[in-house]
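In: Sequence first, then the predicted structure, then my questions.
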Amino acid sequence: MRFPLIPREEKFFDMFVADARNMLGAARLLEQFFGNYDDRERIASQLRDAEHSGDQISHEIGHKLESTFVTPFDREDIHALISRLDDIVDFIEEIADTCILYNIDEPTPTAREQAGIITRQCEQLTEGLDKLRGFKGLEQHWIEVHRLENEGDRIARQAVAELFKHGQDPLTVIKWKDVYALLEKAIDACEDAANVLERIVVKHA
């Protein structure tokens, strides 16, 4: 009896895309969170749902990995890819939860700007994962993710510097320093995912 190995391989790509779309949905929810801050509790709840959905997809990919003899690319890269996508959603969810936990009254323009960068990075990653099946045409996407990371890094440095410039309440400074750090971690996690994509494609070039 011959086992249908190719359909099993193809299924991985579909699952990666599902994971990426869940990640992108979470990023867009974070933008809504900062854009409709009066509705933050409801949106934070939706983000927790997205985090659970991402965990479920990751578990499904893990189970598929255990039961598949021939995988579309190295198992360690599959693990790395789903881990990085998980990290992105985890940080996004933590950002919203931290804002609520810290009882932050309103978002800063910087927070909104950083959330927009995360969304744009996630869009690039999702478009790249849509093309991963053919291992071609992804370079433009990881290059843009890296460019956005540099932009986010510059904005984050300026924002932290501003916190200490105007004699703000120390507690406010601490709160926003933590939130900005989480936003930066999410942006860096997107770059980490782009690095995994690049490594996969280079190996199959």
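Out: Here it is on my side, so go on. Numbers count the residues shown, from 1 in each chain.
In: For residue 183, pull up the helix or strand it's in.
Out: helix 170-203 (DSSP states H and E).
In: List the buried residues of that helix.
Out: For helix 170-203, the neighbour count (16 or more other Cβ atoms under 10 Å) marks 175-176, 179-180, 182-194, 196-201 as buried. Glycine gets a C-beta too; all of them are placed from N, C-alpha and C.
In: quick one: average pLDDT of that helix?
Out: In this model, helix 170-203 carries a mean pLDDT of 95.
In: Report all helices and strands that it contacts.
Out: Applying 3 or more Cβ pairs under 8 Å, 6 or more residues apart in numbering; DSSP states H and E, we find helix 170-203 packed against helix 75-101, helix 109-130, helix 139-163.
In: Can you add mean pLDDT, distance to residue 53 and mean neighbour count and give the ones you listed back as JSON lines?
Out: Formatted as JSON lines, the helices and strands packed on helix 170-203 follow (pLDDT from 0 to 100; distance: least, Cβ to Cβ, whole Å; neighbours: other Cβ atoms under 10 Å):
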{"stretch": "helix 75-101", "mean pLDDT": "95", "distance to residue 53": "9", "mean neighbour count": "20"}
{"stretch": "helix 109-130", "mean pLDDT": "97", "distance to residue 53": "15", "mean neighbour count": "21"}
{"stretch": "helix 139-163", "mean pLDDT": "93", "distance to residue 53": "22", "mean neighbour count": "16"}
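In: show me the contacts for the residue nearest the centre of the chain.
Out: Closest residue to the average C-alpha location of the chain: residue 88 at 2.9 Å, with Cα atoms, centre = their mean. Contacts here follow Cβ atoms under 8 Å, 6 or more residues apart in numbering; on that basis residue 88 touches 23, 26-27, 118, 122, 186, 189-190, 193.
In: dump the residue contacts of residue 159.
Out: The contact partners of residue 159, taken as Cβ under 8 Å, 6+ apart, are 108, 110, 176, 180.
In: repeat for residue 95
Out: Counting by Cβ under 8 Å, 6+ apart, residue 95 makes contact with 30, 115, 179, 182-183, 186.
In: between the residues you listed, which is closest to residue 141?
Out: For residue 141, the nearest member of the contacts of residue 95 is residue 186. The distance, counting by Cβ to Cβ, is 17.5 Å.
In: how much space between the nearest residue to the closest one once chain neighbours are set aside and residue 155?
Out: Leaving aside its sequence neighbours, residue 186 sits nearest to residue 91 (Cβ to Cβ, 6 or more residues apart in numbering; 3.8 Å). Here the criterion is Cβ to Cβ, to the nearest Å. By it, residue 91 lies 16 Å from residue 155.
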